[in-house]
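Chemist: Following is a predicted model, sequence given first.
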Protein chains: 2
Amino acid sequence: MRHALTPNRWLAPAELFLSSFIALIILGSLGLKFLPGIYQGEPLNWTDAIFTSTSAVCVTGLIVVDTATYFTLRGQALILLLIQLGGLGMLILTSVIITALGRKISLNLESVTADSRKLIPQVSARLLITNILKFTFLIEAAGAFFLYCMWVPRLGWKGAAWPAVFHSVSAFCNAGFSTNSNSLINYQDSPGTLLVISVLIILGGLGFVTMQELNLRFAQRQQSLPRIKRLSVHSQLVLWTSFILILGGWLLFAGFEWNGLLAEMSLSDKLTNSLFLSVTPRTAGFNSIDYEQATDSTNLLTMILMMIGGSPSSTAGGLKTTTFALLGLLAWSKLRSQTTTTFASRSIPDETIQRGTGLFVISTSVVVTGVFLMSSIGDFHGYEQRFLVRLFETISAFNTVGLSMGLTDSLSLPSRWVLIFLMFAGRTGPLVIASALIVRLAHRSKFRLAYEDVIVG
Amino acid sequence: MRHALTPNRWLAPAELFLSSFIALIILGSLGLKFLPGIYQGEPLNWTDAIFTSTSAVCVTGLIVVDTATYFTLRGQALILLLIQLGGLGMLILTSVIITALGRKISLNLESVTADSRKLIPQVSARLLITNILKFTFLIEAAGAFFLYCMWVPRLGWKGAAWPAVFHSVSAFCNAGFSTNSNSLINYQDSPGTLLVISVLIILGGLGFVTMQELNLRFAQRQQSLPRIKRLSVHSQLVLWTSFILILGGWLLFAGFEWNGLLAEMSLSDKLTNSLFLSVTPRTAGFNSIDYEQATDSTNLLTMILMMIGGSPSSTAGGLKTTTFALLGLLAWSKLRSQTTTTFASRSIPDETIQRGTGLFVISTSVVVTGVFLMSSIGDFHGYEQRFLVRLFETISAFNTVGLSMGLTDSLSLPSRWVLIFLMFAGRTGPLVIASALIVRLAHRSKFRLAYEDVIVG
Ligand SMILES: [K+]
Ligand SMILES: [K+]
């Protein structure tokens, strides 16, 4: 453990993290605007360049210009580079921070109980980053290979290569950008495509912590890391929640659209498309159907799944599966008038619950404020847009999903900036709060104000 | 303190409370359906009788039959009786429970710090109930008097009496039932009416705990109760939050509708109507304008205010001002990476924060489930209703507000039952949880499971 991570040495403070993200977005915007041969047709204006760059770096996938027809191969390659850097950067940063946080929290908890254990093994930053890079490129290469094999019949030996690479990276990074104008709607009759993309999305969204634990638990020993005897509460929560959400969403979407959007499809297409409807909102953002044509129930469930999002230390956005699960466990414990929230015979620390609920409150507030702004701007400009469409777009941007009911096509300039801000805040916000927390935990004061209670409810 | 309240003697368990509420609803339904001379026209069907009775007892104010034209004076009197019993019952029950809870919690906190103080003075149940009854009837009588004086010119000496009494009770109980078919739209040009009704709504929604503290702080000593030196954190939070919400809402609504719904009005009418727009959603439910005609921004802000609701130990529904304020304070403390939530130089106990966030999570889930059901039922019946209208109605029912964008007029049978359930759950849920909590606190076990942390966000 000589090279164990310590907050002071390894953790970029919130400012450094934010500025590197902003720098990447600015470089991307400049590249999209000024590099030669990036796009064809009308010149790209500043707002749209910044919108596209933010959407790529924040792996959101909302677009104001068509990636497929407006950008050239070079332009698409630049966008893919931004996606890969944005996604990978996030994966590495969250894992580094969580390793450090896990250590700090473990230290704190040891005063409470001796049974606490570290969330992920302490490894050197170099080993951690090497593992993440290996893990990423291995999966992306495998995904590209499978997609290539399936797309050769449609697109030819040469034509299938670039889309296969692009979609594999975009899916693993939960980015949702596509080289097709209508995302994956042309592939709704290709169960293989939808399944491979689904697996890429799920692996990208499950989180490195859980993947590493699964590896240490079930695969052979890796380098200096010990085999572990049971999965942490964290990973159990991630796996159970993901499983229930995917399965539950699958059944519900199938029910909502069986005689609707899925009516004309074969049975196997019905099943893969409803599975894809369940997988893609958390928070990949490809679509194999048109959400404008879907029922309100489908769009509502999609919005809920978008808010929940993927798991921590992943490329996915949203509140995260663990946060959602803890909210549910908290509500359940309060319904039974219990004072502690528990899962798998373990108490969850109050501070974690508070962090989760705090995040939920902040996220809800930002979404409400966002839809407020979108509505006010729309009302002001006299646009007649349905409230649902605006809410859908707001939730999609903030949780870096990229699904749309078609609003992105017809946005006023101020609305575009609201979405740019939402994408950026949704992506960087939680990490900024988390990294500030580590600094705070390191210098925590024991002083507390006197208690006084308040009546709630 | 001989007659101090103790949980075991005075607190009706959750079951008793629930069954008395259900009994009142059933009696009300039977009365509306079978008593002679209650309504005119077509016979009242069971669903509508139960809907009306639930809406009255839960002081919601949503209506499926027109109170003004369908019910006779006798029918209206029965409805007003149900409102008064439902509102007063709630006021008394919450105050009793809070007195007992406050005592339990104070006892618990004394182990943490010596500075904790009781939320409300311990008084005998008889004195508490007497005070509440005095407080209620005094305000309702004053309200009826003022309304009567203002309405004599319009309605005559005789005609003004019943509407004045009805609206005064309905406003103080935050019930929102009206003897006019279009609520208070006819009175939008009567600033006096809107102001009196606003004061009644605010006094009814501020909560007995705060009113009593204000009385003990600033008025003369009352019976055996000592004068207090400062307002509790609870009352400070109630007063500040209410003030900010009313003022902020007033400004925003004026901004949203100045050239919209308010465009044709005189300056004084503009100001009183936008104030009324700010006061009535928490959770009175009268309307002086037509929400169907309002901008999305107005309807969105109205939905937010409906969710927040009034203050604890009042006739109002919703999450409550304190819960909302604590959520804000929690988010603020997490944004600054602090471990404790504080207000007015006091720490708020973690358990209270958890109870508040638990309530928020449960309420959000119920509303989401409700709008889900409303959408699915609507989709199934092929109704083309805007999502916003359904969301508005769901939030209105659950928070016992009674405002509507017109959906209540055209509901399918299953949708009516969803609303009945939402009204009932929204009214009784929090109190059931709170009263179960007291029983639990009395027999609290010291046993806790070992801690293990989870990554959120
Ligand atoms: K995405
Ligand atoms: K009401």
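Modeler: Everything's here; your move. If you're wondering where the values come from, they're calculated on a predicted model, not measured in any experiment. Ligands and ions are numbered 1, 2, ... in the order given.
Chemist: Looks to me like residue A:76 is in a helix.
Modeler: Yes - counting by DSSP: H, G, I helix; E, B strand; the rest coil, residue A:76 is found in a helix.
Chemist: Contacts only, for it.
Modeler: A:67, A:162, A:166, A:179 (CB atoms under 8 Å, 6 or more residues apart in numbering or on different chains). Placement of C-beta: from N, CA and C, glycine included.
Chemist: Can you lay out the residues you listed as a markdown table showing distance to chain B and pLDDT?
Modeler: Output for the contacts of residue A:76, formatted as a markdown table (distance: CB to the nearest CB, whole Å; pLDDT from 0 to 100):
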| residue | distance to chain B | pLDDT |
| --- | --- | --- |
| A:67 | 29 | 87 |
| A:162 | 35 | 90 |
| A:166 | 29 | 92 |
| A:179 | 32 | 88 |
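Chemist: and the two most separated of these?
Modeler: A:67 and A:162 (12.3 Å; CB to CB).
Chemist: Which one's more surrounded, the two?
Modeler: residue A:67 (24 against 17; other CB atoms under 10 Å in any protein chain shown).
Chemist: residues touching the nearest residue to that one once chain neighbours are set aside, list them.
Modeler: Nearest non-adjacent residue to residue A:67, counting by CB to CB, 6 or more residues apart in numbering or on different chains: residue A:177, 5.7 Å away. Residue A:177 is in contact with A:55, A:56, A:61, A:63, A:67, A:79, A:80, A:83, A:166, A:170, A:402, counting by CB under 8 Å, 6+ apart.
Chemist: Surely the first one is in contact with residue A:424?
Modeler: No - Residue A:55 sits out of contact with residue A:424 when judged by CB atoms under 8 Å, with a separation of 9.9 Å.
Chemist: Could you list the low-pLDDT ranges of the stretch 1-150 of chain A?
Modeler: Where the stretch 1-150 of chain A drops to pLDDT under 70, the residues are A:1-14, A:99-124.
Chemist: and residue A:214, how many neighbours?
Modeler: Neighbour number of residue A:214 under other CB under 10 Å is 16.
Chemist: Same check on residue A:30?
Modeler: 13.
Chemist: circling back: more neighbours: residue A:55 and residue A:424, which one.
Modeler: Neighbours were counted for residue A:55 and for residue A:424 using other CB under 10 Å; residue A:55 has more, 33 against 22.
Chemist: which SS class is that one?
Modeler: Strictly by three-state DSSP, residue A:55 counts as helix.
Chemist: Got phi/psi on the residue nearest the centre of chain A?
Modeler: In chain A, the residue lying closest to the centroid (CA atoms, centre = their mean) is residue A:316, at 1.7 Å. Dihedral pair for residue A:316: phi -80, psi 160, per degrees, to the nearest 10.
Chemist: Tell me if stretch A:359-375 is near chain B.
Modeler: Yes - judged by CB under 8 Å from any CB of the partner chain, stretch A:359-375 and chain B are in contact via A:359, A:360, A:361, A:362, A:364, A:365, A:368, A:371, A:372, A:375.
Chemist: returning to that earlier point: now do the residue nearest to the centre of chain A against ligand 2, distance only.
Modeler: Per CB to the ion, to the nearest Å, residue A:316 is found 41 Å from ligand 2.
Chemist: Please look at that residue and residue A:309 and confirm they touch.
Modeler: Yes - because the distance of 5.4 Å satisfies CB under 8 Å, residue A:316 is recorded as touching residue A:309.
Chemist: Now do the shared contacts for those two.
Modeler: Common neighbours of residue A:316 and residue A:309 (CB under 8 Å, 6+ apart) are A:205, A:282, A:283.
Chemist: Looking at these, which are in helices?
Modeler: residue A:205 (DSSP state H).
Chemist: Where is pLDDT lowest across the shared contacts of residue A:316 and residue A:309?
Modeler: Minimum pLDDT across the shared contacts of residue A:316 and residue A:309 is recorded for residue A:283, with 87.
Chemist: what sits against that residue?
Modeler: With CB under 8 Å, 6+ apart, residue A:283 has these contacts: A:174, A:205, A:306, A:309, A:310, A:316, A:317, A:318, A:399, A:400, A:401, A:402.
Chemist: Try it again at 6 Å.
Modeler: Listed by CB atoms under 6 Å, 6 or more residues apart in numbering or on different chains, the contact set of residue A:283 reads A:174, A:309, A:310, A:316, A:317, A:318, A:399, A:400, A:401.
Chemist: Count the residues that sit near residue A:74.
Modeler: 14.
Chemist: for the contacts of residue A:177, which one is nearest chain B?
Modeler: residue A:402 (20.0 Å; CB to the nearest CB).
Chemist: Secondary structure element holding the closest residue to ligand 1 within the stretch 301-450 of chain A?
Modeler: Going by CB to the ion, ligand 1 is nearest to residue A:402 of the stretch 301-450 of chain A, at 4.0 Å. Of the helices and strands defined by DSSP states H and E, none includes residue A:402.
Chemist: With the flanking residues excluded, which residue is spatially nearest to residue A:301?
Modeler: Using CB to CB, 6+ apart, the nearest residue to residue A:301 is residue A:252, at 5.8 Å.
Chemist: So which bits of the host helix or strand of the one you found are buried?
Modeler: Per DSSP H and E: residue A:252 is located in helix A:233-257. Within helix A:233-257, the residues that count as buried by 16 or more other CB atoms under 10 Å in any protein chain shown are A:233-239, A:241-242, A:245-246, A:249-250, A:252-254, A:256-257.
Chemist: What parts of the stretch 351-457 of chain A come near ligand 1?
Modeler: Residues of the stretch 351-457 of chain A found near ligand 1 (CB under 5 Å from the ion) are residue A:402.
Chemist: 6 Å - rerun?
Modeler: A:400, A:401, A:402 (CB under 6 Å from the ion).
Chemist: Write the ChimeraX selection for whichever of those are buried.
Modeler: In ChimeraX, a selection of the buried entries from those looks like this (16+ other CB under 10 Å):
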select /A:400,401,402
